[in-house]
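Novice: what follows is a predicted protein model with its sequence.
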Amino acid sequence: MLYKNQSMGKLALITGASTGIGKELSYIHAATGGDLIIVARRKEKLDQLKVDLENKYSIHVKVIVKDLSLPNAAKEIYTEIKDSGLKVDYLINNAGFGGVGKFYERKWEEDHAMLMVNIMALTSLSRLFLPDFVRRNSGRILNVSSSAAFLPGPLQAVYYASKSYVTSLSNALAEELHDTNVTVTALMPGATETEFAKVSGMDKTAGFSTGYNAHKVALEGYNGMLKGELNIVSALFSQKLMVKLIPFMPRKMLLKEIRKMQEV
């Protein structure tokens, strides 16, 4: 079920909108009649998405082509939006990527870029837009984290750690904003059927042998954001069960099992 009436006329900014969960979130928001600002690196995919969304839903879509791994990307996005006179109602920090391999063997440039996108861009955009939201006493943030945030991830050390940060930051901000009408929600998907796994190399691991539907993940996250929920674990039943069992498993045993799941 889509909580459509709450989002009519709202403007959503979605990063990583060209594929996967971000693309699904774009369609879900457009279906409510809300306008969009879609951000990603690939202009062709964003332009195609813009045409399709505007034709199907008679909304307005602004495209911003930006590499979020660059230091000034978030500030440039915020400045462009402010200069356009647009007022963002929903900030959806979806952009992110991962990578498999031993930390000391992986290319540092790749992990550094991962940290810039998964942590710095998300944090910067949140910091830039939150004062506007608080001033208006209105606004919602959806940060796409991961069920990986619940534990360390041998062979995906930086990715798992980055998602732990996203969830921790989101929860802390949510409590700081308890006396406002501004909310922050963390969406924590399990393995999901998107190109994320293929790009990161995770598609060859046992952890991604089966995945949850990307549209279902996006819909659960979007609705949870509208309701102001704190954390949303969106995953297959088996993945949700594993999350619940994590606190009861000996740490060394858990780390060993996670490592085996990530081995190619």
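Specialist: Ah, there it is.
Novice: all contacts plus neighbour counts: C-alpha atoms, from now on.
Specialist: OK.
Novice: residue contacts, Gly33?
Specialist: The contact partners of Gly33, by Cα atoms under 8 Å, 6 or more residues apart in numbering, come to Ser7, Met8, Gly9, Lys10, Tyr57, Ser58, Ile59.
Novice: burial count for Met8?
Specialist: Under the neighbour criterion other Cα atoms under 10 Å, Met8 is assigned a count of 15.
Novice: surely it is in contact with Ala31?
Specialist: No: contact criterion Cα atoms under 8 Å: Met8 and Ala31 do not qualify, at 9.1 Å.
Novice: look up which residues are beta-bridged to the closest residue to Gly221 other than its chain neighbours.
Specialist: In space, and not counting its chain neighbours, Gly221 is closest to Leu187: 5.6 Å by Cα to Cα, 6 or more residues apart in numbering. Counting by DSSP bridges, Leu187 forms beta bridges with Val144, Ile232.
Novice: ditto for Val61
Specialist: Beta-bridge pairing for Val61 (DSSP bridges): Leu36.
Novice: got the contact list for it?
Specialist: For Val61, the contacting residues are Asp35, Leu36, Ile37, Ile38, Lys50, Leu53, Glu54, by Cα under 8 Å, 6+ apart.
Novice: give me the buried subset of those.
Specialist: Asp35, Leu36, Ile37, Ile38, Lys50, Leu53 (16 or more other Cα atoms under 10 Å).
Novice: from the residues you listed, which single one is nearest Thr19?
Specialist: Checking the buried ones among the contacts of Val61 against Thr19 by Cα to Cα gives Ile38 as the nearest, at 11.0 Å.
Novice: I'd guessed that closest one sits against Ile64; true?
Specialist: Yes: in this structure, Ile38 is within contact of Ile64 by Cα under 8 Å, at 6.2 Å.
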